[in-house]
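Asker: Take this sequence and fold it.
(one chain, ligands or ions: 1)
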Amino acid sequence: MIPKGIEKDMDYKLLTSLSEDTRETIESLLRGHNNSHNSGFFAARDLEENSPKPLNVVVYDKSGSVVGGLIAKTQFLWLKVSIMAVAESARQQGIGRRLLEMAEHEAITRGCRHAFLDTLDYQAPDFYRKLGYQIAGKLANWDSHGHTKYLFTKQLSIDSLPRPTDIETSEKSSRCMKSSTRPTYLGS
Ligand SMILES: CC(C)(COP(=O)(O)OP(=O)(O)OC[C@H]1O[C@@H](n2cnc3c(N)ncnc32)[C@H](O)[C@@H]1OP(=O)(O)O)[C@@H](O)C(=O)NCCC(=O)NCCS
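Answerer: Below you'll find the predicted structure:
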């Protein structure tokens, strides 16, 4: 522990790059704090079975071209969606809804209870609202060009989703992706 009152002997530097040693020292200070306050989480997080698991849903047209998709991960109780897009010519036909509902269903089967994603005001906040997401926060002028980023969450529950009777599993995906426009899971 550094005694109080010796700050005058400290040397503060603004650096644009860090050596590996210096970075590691700073990170280990944080790790030490985290481990002493939340040891259960950090011990569990470092187990192989709890590492973030990819959850991707891709939709193909009849010729096998990608029409859209969703890229996400699950870890513990959370589904975290990072990217979602549908080709302009295929929008407004229910594909986006289907992609997200498939991801949510798979996340629930993996034990997730919450979903998180973010979107900019000119992207799809109203789409996510329609699918049951609620604003958890917003960051004005996120892009420094006047646009707001919205943080959305949703409580995941099997009761809130359509029955997945016709959802294909990753085992079946290779058989149907060329001949169907249905989305299929591409898992970890
Ligand atoms: C957002 C996106 C993935 C939605 O895909 P989609 O296939 O067009 O969506 P769906 O047809 O399943 O739409 C479901 C509902 O949401 C509405 N909706 C779709 N996109 C919307 C949008 N951008 N804003 C508001 N509402 C939207 C639809 O009208 C439909 O409403 P309804 O159920 O009342 O008929 C698609 O518009 C897209 O790729 N946008 C550009 C990229 C983007 O913004 N991605 C999201 C980044 S976070």
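Asker: What's the local residue count around the residue in the chain that the ligand sits nearest to?
Answerer: Nearest residue of the chain to the ligand (Cβ to the nearest ligand atom) works out as Gly96 at 2.3 Å. Quick note: C-beta positions are derived from backbone N, CA and C, even for glycine. By other Cβ atoms under 10 Å, 22 other residues sit near Gly96.
Asker: again, but for Leu15
Answerer: Residues lying near Leu15 (other Cβ under 10 Å) number 7.
Asker: what does the one 5 residues further on give?
Answerer: With neighbours defined by other Cβ under 10 Å, the count for Glu20 comes to 7.
Asker: cool, and Leu156?
Answerer: Neighbour count for Leu156, taken as other Cβ under 10 Å: 20.
Asker: Surely it and His114 touch.
Answerer: Yes - judged on Cβ atoms under 8 Å, Leu156 makes contact with His114 at a distance of 6.2 Å.
Asker: Overlap in contacts, those two.
Answerer: Listed as contacting both Leu156 and His114 by Cβ atoms under 8 Å, 6 or more residues apart in numbering are Leu79.
Asker: quick one on the thing from earlier: how would you label the residue of the chain closest to the ligand: helix, strand or coil?
Answerer: Reducing the assignment at Gly96 to three states with DSSP: H, G, I helix; E, B strand; the rest coil gives helix.
Asker: for the top helix by length along the chain, packing partners?
Answerer: Ranked by residue count under DSSP state H, the longest helix found in the chain is helix 20-37. With contacts taken as 3 or more Cβ pairs under 8 Å, 6 or more residues apart in numbering; DSSP states H and E, helix 20-37 sits against helix 39-45.
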